[in-house]
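Student: I'd like to go over a predicted model; first the sequence, then the structure.
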Amino acid sequence: MDFGANRRGVDMGPSALRQAGLKASLERLGHRVEEEKRAIRIPIQEHTEEGDPRMKFLAPIAAGCEQLAVLVEEALAAGVFPLVMGGDHSIAVGTLAGVGNFNRQNNTDFGVVWIDAHGDFNTRQTTPSGNIHGMSLAASAGLGDPRLTHLAGTQRKVDPRNIVIIGLRDVDPEEKRNLKEAGVKCFTMADVDQLGMAEVASLALAHLPAHLQSLHVSFDVDSLDPQVAPGVGTPVKGGLTYRELHLLMELLAADGRVASAEVVEVNPILDVRNQTATVAVEMLSSLLGATIL
């Protein structure tokens, strides 16, 4: 899916991750990896109407996310770990709808660790671009257009008080207000600089209390500094270092509650020798159990 962003190419992200050896890397950790055989049908952008310029390509994004929500919920119900490969971050509307619906059916609660340079907490009223990848977390938290907030069910998919954003460094003015009013816990790059990643991770996990039975990790590769991950559509200088994100993933894995994840915004067109996808695979491996000793 590349409808949610204004730079083409992220629809090839899953292929780049496969080429970077994601399956083999996870199998070396002892995981049994199976790719979902049922395709999610996404139309070609050039043959699709943009629609409302303040919510560009809403119809195909919603249709794709409806399909994704079903597959994610079914995976969790089967007792397996859904790892969703994007695509732009608009796919999180579908991923979190599936995770939220599963938890609601089982009377459980979950938290979200959103690793991203951006808050993705805009609405139609606050967006400066109209790109839905900048609205996905807000919609999942029940804020915004009903065609997104009510996707795969009218209930709110995640309590915003159970969301932690790490790596934040590019937030729109009205989006700041949305985040504060919703009660989302945010750790900016200034926090990482001042406190160090170990302390930030500790505070983030402390904010996600023990009664939350599971965590979902949404990993946008633009959380990394562009020198580490150049293949992204919305690069922002001053991002996480390789080592900082590696440590965060290790600490999330050690927490033991991560039950689902997604990786988004890998753009091979803008990349250098598949560097970004390779780094993303290494980070996902750490999240799923890779350790030094």
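Tutor: Structure's in. What do you need? Residues are numbered from 1 along each chain as shown.
Student: any residues touching the longest helix along the chain, and which ones?
Tutor: In the chain, assigned by DSSP state H, the helix with the most residues is helix 58-77. Contact with helix 58-77 is made by 1, 3-4, 36, 38, 40-43, 48-49, 51-52, 81-82, 84, 90-91, 93-95, 97-99, 101-102, 105, 132, 145, 147-148, 151-152, 259-260, as judged by Cβ atoms under 8 Å, 6 or more residues apart in numbering. (C-beta placed from N, C-alpha, C; glycine too.)
Student: ok, the residue nearest the centre of the chain to residue 146 distance?
Tutor: Here the mean C-alpha position of the chain is nearest to the C-alpha of residue 218 (Cα atoms, centre = their mean), at a distance of 2.9 Å. According to Cβ to Cβ, to the nearest Å, residue 218 and residue 146 sit 22 Å apart.
Student: Ok, residue 256 next?
Tutor: Counting by Cβ to Cβ - residue 256 and residue 146 are separated by 36 Å.
Student: thought residue 200 was touching residue 186?
Tutor: No: judged on Cβ atoms under 8 Å, residue 200 makes no contact with residue 186 at a distance of 10.8 Å.
Student: who has more neighbours, the two?
Tutor: residue 200 (24 against 19; other Cβ atoms under 10 Å).
Student: For stretch 201-208, what is the distance to the chain centroid?
Tutor: 18 Å (Cα atoms, centre = their mean, to the nearest Å).
Student: returning to that earlier point: mind giving me the PyMOL select for the contacts of helix 58-77, buried ones only?
Tutor: Per 16 or more other Cβ atoms under 10 Å, the buried members of the contacts of helix 58-77 correspond to this PyMOL selection:
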select buried, resi 1+3+4+40+42+82+84+90+91+93+94+95+97+98+99+101+102+132+145+148+151+152+259+260
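Student: What about the contacts of helix 58-77, which are in helices?
Tutor: Using DSSP H, the members of those that fall within helices are 93-95, 97-99, 101-102, 105, 147-148.
Student: Tabulate those (CSV), appending distance to residue 116 and pLDDT.
Tutor: Converted to CSV, the ones in helices among the contacts of helix 58-77 look like this (distance: Cβ to Cβ, whole Å; pLDDT from 0 to 100):
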residue, distance to residue 116, pLDDT
93, 14, 98
94, 17, 98
95, 14, 98
97, 18, 98
98, 19, 98
99, 17, 98
101, 23, 98
102, 23, 98
105, 28, 97
147, 23, 96
148, 18, 98
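Student: what's the farthest-apart pair in the residues you listed?
Tutor: Using Cβ to Cβ, the pair of the ones in helices among the contacts of helix 58-77 lying farthest apart is 105 and 147, separated by 22.8 Å.
Student: any chance you could map the strands in the stretch 51-200 of the chain?
Tutor: Taking DSSP state E, counting those that start in this stretch as the test, the strands found in the stretch 51-200 of the chain are 83-85, 110-115, 163-168, 185-188.
Student: nearest to residue 212, of these?
Tutor: For these, the distance to residue 212 is smallest for strand 110-115, at 4.4 Å, taking Cβ to Cβ.
Student: what's the model's confidence in the closest one, averaged?
Tutor: In this model, strand 110-115 has an average pLDDT of 98.
Student: Okay, now the sheet partners of it, with direction.
Tutor: Using DSSP bridges, the strands paired with strand 110-115 in its sheet are strand 163-168 (parallel), strand 214-220 (parallel).
Student: Could you check the angle the last one makes with helix 58-77?
Tutor: Here strand 214-220 runs at 140 degrees with respect to helix 58-77, directions being taken by axes from the mean of the first three to the mean of the last three Cα atoms, to 10 degrees.
Student: and strand 214-220, what's its mean pLDDT?
Tutor: On average, strand 214-220 scores 98.
Student: Would you mark the buried spots in the helix or strand just after that strand?
Tutor: Per DSSP states H and E, the first helix or strand lying C-terminal to strand 214-220 is helix 242-255. The neighbour-count criterion (16+ other Cβ under 10 Å) identifies 244-253 as the buried residues of helix 242-255.
Student: what packs against the helix or strand residue 278 falls within?
Tutor: Taking DSSP H and E as the definition, residue 278 sits inside helix 275-287. Packing partners of helix 275-287 (3 or more Cβ pairs under 8 Å, 6 or more residues apart in numbering; DSSP states H and E): helix 13-19, helix 22-28, strand 214-220, helix 242-255, strand 258-264.
Student: Make JSON lines out of the strands of the stretch 51-200 of the chain and add distance to residue 73.
Tutor: Listed next are the strands of the stretch 51-200 of the chain as JSON lines, based on distance: least, Cβ to Cβ, whole Å:
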{"stretch": "strand 83-85", "distance to residue 73": "12"}
{"stretch": "strand 110-115", "distance to residue 73": "13"}
{"stretch": "strand 163-168", "distance to residue 73": "19"}
{"stretch": "strand 185-188", "distance to residue 73": "26"}
